[in-house]
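Student: my questions are about this predicted structure, shown below with the sequence.
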There are 2 protein chains.
Amino acid sequence: MSEKISPAVIRRLPKYYRYLEELESKKIDKISSSQMSIEMGLNASQIRRDLNCFGGFGQQGYGYSVEKLKKEIARILGLDQRYNVIVIGAGRIGQALMGYKNFMLEGFNVVDIFDNDPAKVGTEVLGREVMDVARLSSYLEEKNIDIAIICTPKEYAQQSADLLVSFGIKAIWNFAPTDVAVRRGVAVENVHLSDSLYVLSYKLKEKIKGTGI
Amino acid sequence: MSEKISPAVIRRLPKYYRYLEELESKKIDKISSSQMSIEMGLNASQIRRDLNCFGGFGQQGYGYSVEKLKKEIARILGLDQRYNVIVIGAGRIGQALMGYKNFMLEGFNVVDIFDNDPAKVGTEVLGREVMDVARLSSYLEEKNIDIAIICTPKEYAQQSADLLVSFGIKAIWNFAPTDVAVRRGVAVENVHLSDSLYVLSYKLKEKIKGTGI
DNA sequence: TAGATTGTTAATCGATTAACAATC
DNA sequence: TAGATTGTTAATCGATTAACAATC
């Protein structure tokens, strides 16, 4: 597995990817670390170091091929694969994520949505019938699901995760405002929207303070 | 303003806050850094150091008062204030955020939602009429809005931000999949949902690789 | 007082940046 | 070849952790 890649580098990869998509849409086919540095607001050394973690994608005296680099980063992130995704919790956030087109473009295919509320089960969300979480076990046995998105209230988040993991789910994207714990071997990303809002609130306060008011 | 607080510390504050809320709901009224360390998965030294950035909230030989500590962190994050919030973009994400009850509990009051699509303007979203972005200028002159949430497609994100800033908005919470740039003096938090999904995809790949398959 | 736990300094670790040799 | 730019090592910076004196 060669060298362990640092989490800091991994978190920057999507940003590189977005930037490269933009270059591609502008028909730019080569780019240097110093130009990226200016446009992305990162240090050029850092960019070269980051990209070099995965192999020498660049060429001295020339720079990086946009197409090649984008393809490599996609491969590293696993965006060259297709994923079947389910949503747990048919509230507004769950429904919104189910319909988020941008994910589909990159191979994340949201196939079904579940809830435990009898009032919601059976109703239609974006052309899909909301399924009962009670059917999750048999559902997951049949279908090949890669990722589950947890959009339940926080009280249900951990037990949902436990259930999903016990049925073999290997990746959880958690939107409930609590950290979910899983055994080693299962991937989790906690999103924590309100954390981000609180940080914004802090920053706002600092800005106002800065003006001397 | 004493010492500059590091961004890493700020990002942990919401997590402390969530944890303290939980303790409070369990009627626990004191806590030590070592207990927090076990339950939060952070290093005890780090916790004491973090909390000490803002003043000596603890008491030697005793620990921290849950109530006092929670109140202090709320104050630091600015959660003791009330904020008026508007949403730009009445798509599914915008609507979901508008209805997200958890924010309201902490003083973030989403008052109106805007869109530039004539088909959406005038329709009702959660009991609120979608307003035309063209009316933003006069609207912001009248009302006292603190935070704008950008939920537009990425093509509109930067121009929305520019507009909002020119009308005096001081804090932007951006959900469009692109970084928005603003002048110094304006606070921005970029959320980037797909970045987080890509990182999950990477982690999943690593986990699968780890099993030797 | 003795025990516990904070606040804080010193040591370590990891991440970023600068510098430059390698090479296209 | 000369110029440009990467890949990579060395230097710096910042964040985490360990250790312990202060003190409740």
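Tutor: All right, it came through fine.
Student: lowest average confidence, helix or strand, in chain A?
Tutor: helix A:101-105 (a mean of 79; mean pLDDT, DSSP states H and E).
Student: run through who's touching it.
Tutor: Contacts to helix A:101-105, defined as CB atoms under 8 Å, 6 or more residues apart in numbering or on different chains, come from residues A:85, A:97, A:110, B:177, B:194, B:197. Using the backbone N, CA and C atoms, a C-beta is placed for each residue, glycine as well.
Student: only alpha carbons, please: show that helix as PDB.
Tutor: Output of helix A:101-105 as PDB, limited to C-alpha atoms (Å, rounded to 0.1, in the frame of the first residue of the first chain):
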ATOM      1  CA  LYS A 101     -28.400  15.600  -9.300                       C
ATOM      2  CA  ASN A 102     -24.800  16.500  -8.800                       C
ATOM      3  CA  PHE A 103     -24.100  13.200  -7.000                       C
ATOM      4  CA  MET A 104     -25.600  11.100  -9.800                       C
ATOM      5  CA  LEU A 105     -23.300  12.700 -12.300                       C
END
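Student: show me what counts as buried in that helix.
Tutor: A:Phe103 (16 or more other CB atoms under 10 Å in any protein chain shown).
Student: repeat for stretch A:199-208
Tutor: Those would be A:199-205, A:208, for stretch A:199-208 by 16+ other CB under 10 Å.
Student: for those, which one is nearest A:Gly55?
Tutor: The shortest approach to A:Gly55 among these belongs to A:Val199, at 34.8 Å (CB to CB).
Student: does A:Leu77 really touch B:Tyr202, like I thought?
Tutor: Yes - using CB atoms under 8 Å, A:Leu77 and B:Tyr202 qualify as a contacting pair, with a distance of 5.0 Å.
Student: quickly list what's touching both of these two.
Tutor: A:Leu13.
Student: returning to what we had before: rank the buried residues of stretch A:199-208 by pLDDT and give me only the lowest.
Tutor: When the buried residues of stretch A:199-208 are sorted by pLDDT, the bottom entry is A:Ile208 at 91.
Student: so where does that one fall, helix or strand?
Tutor: Following DSSP states H and E, one finds A:Ile208 within helix A:193-210.
Student: packing partners for that helix?
Tutor: Contacts defined by 3 or more CB pairs under 8 Å, 6 or more residues apart in numbering or on different chains; DSSP states H and E place helix A:193-210 against helix B:7-25, helix B:66-77, helix B:101-105, strand B:147-150, strand B:171-174, strand B:187-190.
Student: pull the distance from it to the chain's centre.
Tutor: 23 Å (CA atoms, centre = their mean, to the nearest Å).
Student: same thing with stretch A:108-124?
Tutor: 21 Å.
Student: sorry, back to before: show me the one of the helices and strands packed on helix A:193-210 that comes nearest DNA strand D.
Tutor: For DNA strand D, the closest of the helices and strands packed on helix A:193-210 is helix B:7-25, at 4.2 Å, according to CB to the nearest atom of the strand.
Student: state the phi and psi torsions of A:Ala161.
Tutor: Here is the backbone geometry of A:Ala161 (degrees, to the nearest 10): phi -60, psi -50.
Student: tally of neighbours for it?
Tutor: The tally of other residues near A:Ala161 (other CB atoms under 10 Å in any protein chain shown) stands at 23.
Student: any idea how far it is from B:Leu197?
Tutor: For A:Ala161, the distance to B:Leu197 equals 17 Å [CB to CB, to the nearest Å].
Student: partners of the longest strand that chain A contains in the sheet?
Tutor: In terms of residue count, the longest strand belonging to chain A (DSSP state E) is strand A:108-115. If you go by DSSP bridges, strand A:108-115 pairs up with strand A:83-88 (parallel), strand A:131-132 (parallel).
Student: quick one: distance of the last one to the chain centre.
Tutor: Translated: strand A:131-132. Counting by CA atoms, centre = their mean, strand A:131-132 comes out at 25 Å from the chain centroid.
Student: what's in contact with it?
Tutor: A:112-116, A:121, A:139.
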